[in-house]
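Colleague: Need a 3D model of the following:
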Amino acid sequence: MRMTIESVFKESQTLCAETVQQVETPRKVADLALYAVAGSALYGATMGLNHSLLQAAVSAVKVPALFLVTLAICLPTLHFIGLLFGSTIRFSQSLVVLLAGIALTSILLAAFAPISLLFLASGSEYPFLLLMHVAIFAFCGAAGLYSIHRNFLFIRQEAGGDTASSPSAHVLKVWMLLYMFVGTQTAYILSPFVNRAPSFALFHEGQGNFYSYLWSVVKELLAR
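Modeller: Alright, predicted model coming up:
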């Protein structure tokens, strides 16, 4: 198949079938990585524009890094624990499925970029913009996780291996929760939306985690 932006959404079964047959796997990995980086970089730039062009450029690097770092942390866990519980899926197949999910998430983020710019141009303040970005990331991330779950099911059906009720299938569900928590904490560490202070900041200053910081912003917004 010819990998295009729309095929990430419309031809997932064909992608999975060719992944099982190991058809042009390196090219698929390269194409999916390109879509993931380009889409997330575009949205990241709109996040940083609230502060400055420099912050926009840094955020355009940070958002793709967020996805790729989370992938690098979580992929070995999924693959090898899956093998422990009887999975027959190859490492390269897992990589393609996860990259397809990240690419889908990133393309959706890019589609939300005009909305991000609209609220930025309307002069919305930091707490509202932060919560808006969190909501958009949550929606796009959920769509990506749904895609990952669906594509792994297709892979299992094509390979004729483990079923949806097998132990390795339950491992995937637990791993998706781990992926979500690792992703949110990585986002807190990388801080692609650092622009509360008037001066440029590379990373968020402070301790804690994503959820405690988000709650503090919610309380600040409710107190107004």
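Colleague: any idea how far the closest residue to Gln22 other than its chain neighbours lies from Glu158?
Modeller: In this structure, Gln22 finds its nearest non-sequential neighbour in Ser92, 7.2 Å apart by Cβ to Cβ, 6 or more residues apart in numbering. Bear in mind the C-beta positions are built from the backbone N, C-alpha and C, glycine included. Per Cβ to Cβ, to the nearest Å, Ser92 is found 14 Å from Glu158.
Colleague: do Ser124 as well
Modeller: 46 Å.
Colleague: now the helices for the protein?
Modeller: 5-10, 12-20, 25-48, 53-84, 91-121, 126-159, 167-190, 210-222 (DSSP state H).
Colleague: now those as a markdown table including mean pLDDT?
Modeller: Putting the helices of the chain into a markdown table (pLDDT from 0 to 100) gives the following:
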| stretch | mean pLDDT |
| --- | --- |
| helix 5-10 | 91 |
| helix 12-20 | 89 |
| helix 25-48 | 94 |
| helix 53-84 | 90 |
| helix 91-121 | 94 |
| helix 126-159 | 89 |
| helix 167-190 | 84 |
| helix 210-222 | 76 |
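Colleague: Make CSV out of those helices and add mean neighbour count.
Modeller: Output for the helices of the chain, formatted as CSV (neighbours: other Cβ atoms under 10 Å):
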stretch, mean neighbour count
helix 5-10, 15
helix 12-20, 19
helix 25-48, 21
helix 53-84, 18
helix 91-121, 20
helix 126-159, 18
helix 167-190, 17
helix 210-222, 13
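Colleague: Now do the contacts for Leu99.
Modeller: Contacts for Leu99 were tallied using Cβ atoms under 8 Å, 6 or more residues apart in numbering; they are Lys28, Val29, Leu32, Ala33, Ala36, Leu71.
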